[in-house]
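heads up, no residue letters with this:
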Ligand code: RET
């Protein structure tokens, strides 16, 4: 007689349904977006009012600066009301079995990148005109800036670490080109200006480059490594944006107006980058 061996049971495969998570803004984020929206709106009104109080030949900085806060107002209005927001989906796998266990959907506020692509070139033009930077250097700074913001946008939606941090790396290289134009060529150009303009440029450019350097750090921690949540990300960018736009703007315009009042014939700052040399 033959004995039938008892079959060893097959390993049971437990089908895992991945858990789906959403990383979105909550009350703190929403309130912060509205506060910044209002502050950008009020600053814009103030800058347009300041523009109207000076002769048209001295309005270039006022107009540029008012445009910057106007774009920011529109972008914050979009985000506060739920526009300009997308979702970036990424999966977390159980490494041993290659099973997707979690799917995350994190909000990406792409309205920011639309804002930055318009406002950061205008901020650079403000600084460039103050220094009397030449046209080629201004163009290089503006194009590098556009590359930085657009590659940053692609990084935010990048699939996988290689692609995401690849885009991030191109953005950082573009940022270094901006730093070079402002710190090196800007400082070289402003030598031809008067003493007050020289001192003011080094303060304002130093303030700007310090602030701008914090953006990629926040991006790396929040959007890149996703160590902090969406609300913390919103608050961090809110503080930076207030300093980089309204505070920068009030500082520039009040200094401009004071200097043109006390020394109306002074060369340099007032010639709006059209150097007499
Ligand atoms: C990104 C991510 C990729 C790497 C780098 C970045 C730099 C962004 C900067 C933004 C500045 C924004 C300002 C806004 C004004 O309100 C795109 C975050 C380098 C420098 C000044």
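Done, it's in. What you see is a predicted model; the values in this text were computed from it and never measured. Numbers count the residues shown, from 1 in each chain.

quick one: contacts for the residue of the stretch 51-200 of the chain found nearest the ligand?
Residue nearest to the ligand within the stretch 51-200 of the chain (CB to the nearest ligand atom): residue 152, separated by 2.5 Å. Glycine gets a C-beta too; all of them are placed from N, C-alpha and C. Residues in contact with residue 152, defined by CB atoms under 8 Å, 6 or more residues apart in numbering, are 113, 116, 167, 168, 171, 219.

apply 7 Å and report the result again.
113, 171, 219 (CB atoms under 7 Å, 6 or more residues apart in numbering).

residue 167 now?
151, 154, 155, 158.

tell me which element the third one is part of?
Right, residue 155. helix 135-156 (DSSP states H and E).

also residue 165?
helix 160-179.

which outside residues touch whatever helix or strand comes next after that helix?
Beyond helix 160-179 in the direction of the C-terminus, DSSP H and E gives the next helix or strand as helix 187-190. With CB under 7 Å, 6+ apart as the test, helix 187-190 has contacts from 131, 132, 133, 134, 197, 198, 201.

ranges for the helices of this structure?
27-52, 60-80, 111-131, 135-156, 160-179, 187-190, 195-219, 230-242, 248-262 (DSSP state H).

which of the ones you listed sits closest to residue 20?
Among those, helix 230-242 comes nearest to residue 20, with 16.3 Å by CB to CB.

angle of that closest one against helix 60-80?
With axes from the mean of the first three to the mean of the last three CA atoms, to 10 degrees applied, the angle from helix 230-242 to helix 60-80 works out at 170 degrees.

tell me how far stretch 44-51 lies from the chain's centre.
23 Å (CA atoms, centre = their mean, to the nearest Å).

tell me which residues of that stretch are tucked away?
By 16 or more other CB atoms under 10 Å, the buried positions in stretch 44-51 come out as 44, 46, 47, 48, 50, 51.

can I get these in a markdown table including pLDDT and distance to residue 107?
A markdown table is the format used below for the buried residues of stretch 44-51 (pLDDT from 0 to 100; distance: CB to CB, whole Å):
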| residue | pLDDT | distance to residue 107 |
| --- | --- | --- |
| 44 | 98 | 26 |
| 46 | 98 | 31 |
| 47 | 98 | 30 |
| 48 | 98 | 32 |
| 50 | 97 | 36 |
| 51 | 97 | 36 |
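
which one of those residues is nearest the ligand?
residue 44 (13.2 Å).

got a list of what the closest one touches?
66, 69, 70, 73.

ok, back up a step: and the buried ones among the contacts of residue 167, selectable in PyMOL?
Restricted to buried positions by 16+ other CB under 10 Å, the PyMOL selection for the contacts of residue 167 reads:
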select buried, resi 151+154+155+158
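
confidence-wise, which of the contacts of residue 167 comes last?
Minimum pLDDT for those is recorded at residue 158 (95).

now it. Nearest residue, chain neighbours left out?
Nearest non-adjacent residue to residue 158, counting by CB to CB, 6 or more residues apart in numbering: residue 164, 3.2 Å away.
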